[in-house]
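A.B. asks: Output the structure for:
(one chain, ligands or ions: 1)
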Amino acid sequence: MGFIMEGLDAEAYDRTYSDGHLIKRIIGYFKPKLPLMITITILIVFNAGLDTAFPLLVSNSIDTLSSTHAFQTAVIIVGFILCSSVLSWTCNLFRQRFTARSVGDVVLHLRKDAFTAVMSRDMSFFDEFSSGKIVSRVTSDTESFATVVTLTLNLLSQVLLYVLIVVVLFFRNYQLALMTLTIMPAIIGVALGFRVVARRFTRRAQRSLARVNSNVQEIVSGITIAKNFRQEQNMYDEFKQINAQSYYVNLRSGFLYNGIFPVLVFIANIGTTIIVYFGGHSVLGGVISAGEWFLFVQSLSLLWQPLTSIASFWSQFQLGLAASERVFALLDAEPRIQQTGHETVGQIKGEITFKQLLFSYDQRQTVLKDFSLTIKAGETIAFVGHTGAGKSSIGKLISRFYEFQGGKILIDGRDIRTLDLAQYHARLGIVPQSPFLFSGTVADNIRYARPTATDAEVYAIAQQIGNGDWIEALPEGLETLVGETGRSLSMGQRQLVALARVLLQDPAILIMDEATASVDPLTEAQIQEGLDVILKQRTAIVIAHRLSTIKHANRIIVLDGGRIAEEGSHEDLMRRGGHYSDLYNTYFRHQSPDYKPGEGFIPVRDPNMQAPSTR
Ligand SMILES: Nc1ncnc2c1ncn2[C@@H]1O[C@H](COP(=O)(O)OP(=O)(O)OP(=O)(O)O)[C@@H](O)[C@H]1O
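C.D. replies: Just a heads-up that it's a prediction; the model follows:
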């Protein structure tokens, strides 16, 4: 199997549902369409009746050819045949139209549900699962879901036709009818056996397509880095391999499906041979008329058709079922964040308490253990520490993006798990390290925090950041288009927009993962001025990367391996000459005005203390 199976495993949230469960849920989606579905069913029944009448009429016309009024009867029968054909065509047309309409509506509904499910997933979900694969579930899988429904309706009409024909045949000649049905168990047996294998193959085909989607998405998102590191060839090679995998997986399922159809046709042909042979003998022996014999031979094609076509569209049917399984698994994915209540949040002062917190992303590593800390309302806390110390994790836990395994987080003394999450999030401002801007104007992005804000309010807020000087630098001021993800703006400008956005939100608690990207001194000053405004009158947790922020903080918490190694003000900690002083020398001292490149650093520390150790 080798590379063909590589990366095609189920996602952790995937589930296996029984066909019965899937069909029940699919039917559930069709309930609001009940009147339309009833109309479609009536049309299907009517159509099946007309299709059955066709061979009956032809059979009768053959038998009347020898009678005295042969010509008149033949004309009437031909008239009936023509009318039934036109009626059948019209019924079919309306059936297809109504089906397309109801299936389209259901896909619309399902896609909305899938999108809502994606939106409500915890952040851990997006960290864990590739965005390309998630996109694939919302788009192509919901589309395949439509296929299963259309096919089910076709199947229904074919099965009805089948039942009607069998009834007619039994009335005409039960021995020949029984003969016709002898092959049926063989066809059904092969089709059912094939069903199990088909589902497996189809699932793999969908996963391989999701893998292609995911790979293309990742490449497009990371194209700048790829080009920068001249990785185009490697990326192409990787894509080639994933694409080839998709090709082989599809080829295999193609072989499987193409192989099954001839087997079924072969079995059906055996049935036809039996009927032609014994029917012919019955006509010669005078047991049945030539017209009846024709009816049996003609009905055979109609009879085998539903069975063979079930097998032929089995692939699409399986594709649709597997797709609905994937969509339902996305809808049913268990949230990791477990709120025990939905208490009204109201006004928040902003005191945050961690009580013996235990947290890990997965089984492999404990990130925070026995972590206790109280952040006072209105306090600005700067978290510093080596990379991987757990700074961002603390921010994610306060944001309630991840679930902790032990201890408590209290907001103003209330258990975070008891709060209404949506209300709590509305009181929480988050400025990520690389601010994400949506396509649109700068004003649109600022207004994102409060869509009802007027132009004047947006302008006033933007003015508060760096005295609004940065707006003048934008070609069309606040109406400047930011491009996809804000690409048309400089990194510094994006940060300023993000600050204005959070200022408009006016949250009680601010979590800021400070940008590491350096900006020019003027923008740096504008950002600092903006921060001074934002940090006022709210609790702020800053994952600090800039010396000026650290110095402005009320308290610095030094993290080391998920534990608080030190805490205090910049001066206190420098005087101590411990962990912070090490960090300072490693990361921050070049940002100090006391630092002179080439000459070294004039340390800020108590001359009576020991010199800080360096790593
Ligand atoms: N989504 C995740 N899944 C699994 N492990 C993670 C995840 N995010 C972070 N970690 C791990 O948790 C630990 C703490 O990471 P965290 O991002 O909190 O560190 P940090 O101090 O913010 O680092 P940095 O300054 O580099 O951002 C690290 O060992 C990291 O590898």
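A.B. asks: the helices in the stretch 1-150 of the chain, which residues?
C.D. replies: 19-30, 34-64, 70-120, 123-128, 131-136, 142-172 (DSSP state H, counting those that start in this stretch).
A.B. asks: Distance to Ala268 added to the ones you listed, as CSV?
C.D. replies: Yep, even glycine has a C-beta here, placed from its N, CA and C like the rest. Below are these laid out as CSV (distance: least, Cβ to Cβ, whole Å):
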stretch, distance to Ala268
helix 19-30, 25
helix 34-64, 17
helix 70-120, 23
helix 123-128, 48
helix 131-136, 37
helix 142-172, 13
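A.B. asks: which stretch among those helices comes nearest Tyr580?
C.D. replies: Among the helices of the stretch 1-150 of the chain, the nearest to Tyr580 by Cβ to Cβ is helix 123-128 (29.6 Å).
A.B. asks: what's the closest one in contact with?
C.D. replies: The contact list for helix 123-128 (Cβ atoms under 8 Å, 6 or more residues apart in numbering) reads 12-13, 134, 333, 336, 361, 396, 399, 401-403.
A.B. asks: From the residues you listed, list just the buried residues.
C.D. replies: The neighbour count (16 or more other Cβ atoms under 10 Å) marks 134, 333, 396, 399, 401-402 as buried among those.
A.B. asks: can you list the residues of this protein near the ligand?
C.D. replies: Within the chain, the positions adjacent to the ligand are 127, 361-362, 365, 367, 385, 387-393 by Cβ under 6 Å from any ligand atom.
A.B. asks: Just the residues you listed: which are in helices?
C.D. replies: Taking DSSP state H as the definition of helices, the residues of the chain next to the ligand contribute 127, 391-393.
A.B. asks: biggest separation within these, which pair?
C.D. replies: Top of the distance list for those (Cβ to Cβ): Asp127 and Lys391, 16.3 Å.
A.B. asks: Comparing the two, which residue is more hemmed in?
C.D. replies: Between Asp127 and Lys391, counted using other Cβ atoms under 10 Å, the more crowded position is Lys391 (22 against 11).
A.B. asks: Could you double-check that that one sits in contact with Ile543?
C.D. replies: Yes. Contact criterion Cβ atoms under 8 Å: Lys391 and Ile543 qualify, at 4.5 Å.
A.B. asks: before we move on, the earlier item: so which of the buried ones among the contacts of helix 123-128 comes closest to Leu156?
C.D. replies: Distance ranking of these against Leu156, using Cβ to Cβ, places Ala333 first at 31.8 Å.
A.B. asks: mind listing what's buried in stretch 366-386?
C.D. replies: Buried, per 16+ other Cβ under 10 Å, within stretch 366-386: 366-369, 371, 373, 375, 378-386.
A.B. asks: Next: stretch 486-500.
C.D. replies: Applying 16+ other Cβ under 10 Å to stretch 486-500 flags 486, 488-489, 492-500 as buried.
A.B. asks: Same check on stretch 448-466?
C.D. replies: So, applying 16+ other Cβ under 10 Å, buried residues of stretch 448-466: 448-449, 453, 458-459, 461-462, 464-466.
A.B. asks: Next: stretch 139-147.
C.D. replies: So, applying 16+ other Cβ under 10 Å, buried residues of stretch 139-147: 140-142, 144-147.
A.B. asks: residues in contact with the residue lying closest to Val106 once chain neighbours are set aside?
C.D. replies: Spatially, and ignoring its direct neighbours in sequence, Val106 is nearest to Tyr29 (4.9 Å; Cβ to Cβ, 6 or more residues apart in numbering). Shown in contact with Tyr29 (Cβ under 8 Å, 6+ apart): 106, 109-110.
A.B. asks: Turn the buried ones among the residues you listed into a named ChimeraX selection, would you?
C.D. replies: The buried residues among the contacts of Tyr29 can be selected in ChimeraX (16+ other Cβ under 10 Å) with this line:
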select :106,110
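A.B. asks: Can you lay out the contacts of Tyr29 as TSV showing pLDDT and distance to Asp506?
C.D. replies: As requested, those are exported to TSV (pLDDT from 0 to 100; distance: Cβ to Cβ, whole Å):
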residue	pLDDT	distance to Asp506
Val106	86	42
His109	87	37
Leu110	85	38
